[in-house]
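Novice: Output the structure for:
(one chain, ligands or ions: 1)
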Amino acid sequence: MRRRVHSCFTSRESSKALGPAVVCLSLLASCSSPHAAYEAERRRMVVDQIEARGVGEPRVLSALREVPRHLFVPPSEKANAYEDRPFPIGYGQTISQPYIVALMTELARPEPGDRALEVGTGSGYQAAILGRLVREVYTVEIIEPLGREAGLRLDGLGFSNVFVKVGDGYRGWPEAAPFDIILVTAAPEKVPPPLIDQLKPGGRMVIPVGAVSDVQSLQLIQKDAAGRIESRNVLPVRFVPLTRSP
Ligand code: SAH
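Specialist: The predicted structure follows:
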């Protein structure tokens, strides 16, 4: 996304440049722009849902304030997009709760020069957040229409550093590997070995692991410079299952 969404409190010049949709009546009046209203909701979401639960990394918080989550949920859910919960996005899948997106992103410690893999594109929201924080994002979705829609959405919003592929993310994205960061947003019963292989020394993977019927454990898996793996359980979570293509 090249252009930032401006708030009510932009200067006259920039309000003019953006056109009538974001012009405010006065600094004290409430702003009639839907963009400004959504921006205010995002700020509230970050304070009440994210910072309040202990995610504090400034770059991660900025990305959550910038990416228009309401454009990643079904049109009928736009007005609810900033609520503290996941939403159905069709095909039995969900866009994760904002806090979980924020937590997984912070745990991955994104750096501007990093290359990231996401397994489970879904709506493309998590990929967009990563796209604001790292150099390149490779994201794989197994349900073809979801992957196609997410690709169009991300292109339309100008995320030129996010690449979407339809396929089985259990196998990772070997042609683009290795990755500094791997985020998995669907739960396998065990960590897929190809993903461990595709993690760089020094890399971080965040992945929910466990049986579909149960709560899963969100794990942070780190590969040290010598290639040794260390994992820790962060939080019980509930994700949709990682499915496999035949
Ligand atoms: N990250 C998403 C939410 C993902 S929900 C977002 O921000 O909206 C989990 C997604 O993982 C679903 O879309 C599901 O179809 C997908 N998925 C499940 N198994 C997969 C697999 N093996 N490879 C790629 N995607 C998979």
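Novice: Which residue is the nearest non-sequential neighbour of A127?
Specialist: Leaving aside its sequence neighbours, A127 sits nearest to T139 (C-beta to C-beta, 6 or more residues apart in numbering; 4.3 Å). Where C-beta positions appear, they are placed from N, C-alpha and C, glycine not excepted.
Novice: For that neighbour, give the beta-bridge partners.
Specialist: T139 forms beta bridges with E118, V164, as assigned by DSSP bridges.
Novice: Show the contacting residues for P201.
Specialist: 223-227 (C-beta atoms under 8 Å, 6 or more residues apart in numbering).
Novice: can you rerun that using 10 Å?
Specialist: Neighbouring residues of P201 by C-beta atoms under 10 Å, 6 or more residues apart in numbering: 178, 180, 222-228.
Novice: Next, work out how far apart it and the ligand are.
Specialist: 25 Å (C-beta to the nearest ligand atom, to the nearest Å).
Novice: The closest residue to that residue other than its chain neighbours is in what secondary structure piece?
Specialist: Spatial nearest neighbour of P201, chain neighbours left out: A225 (4.9 Å); criterion: C-beta to C-beta, 6+ apart. Using DSSP states H and E, A225 sits in no helix or strand.
Novice: got the residues of this protein near the ligand?
Specialist: For the chain, the residues in contact with the ligand (C-beta under 6 Å from any ligand atom) are 93-96, 119-120, 122-123, 125-126, 140-143, 146, 168-170, 185-186, 240, 242-244.
Novice: And those residues, which of them are buried?
Specialist: 93-96, 119-120, 122-123, 125-126, 140-143, 146, 168-170, 185-186, 240, 242 (16 or more other C-beta atoms under 10 Å).
Novice: re the thing from before, quick one: which of the residues of the chain next to the ligand sit in helices?
Specialist: The helices, defined by DSSP state H, take in 125-126, 146 from the residues of the chain next to the ligand.
Novice: Tell me where the model's unsure across this structure.
Specialist: Low-confidence segments of the chain (pLDDT under 70): 1-32.
Novice: what about the strands in it?
Specialist: Using DSSP state E, the strands of the chain run over 87-90, 93-95, 115-119, 136-141, 162-166, 179-184, 199-209, 216-223, 229-237.
Novice: Can you lay out those strands as a markdown table showing distance to G56?
Specialist: Formatted as a markdown table, the strands of the chain follow (distance: least, C-beta to C-beta, whole Å):
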| stretch | distance to G56 |
| --- | --- |
| strand 87-90 | 25 |
| strand 93-95 | 23 |
| strand 115-119 | 21 |
| strand 136-141 | 23 |
| strand 162-166 | 25 |
| strand 179-184 | 19 |
| strand 199-209 | 17 |
| strand 216-223 | 17 |
| strand 229-237 | 16 |
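Novice: Right, I'll call it a day here.
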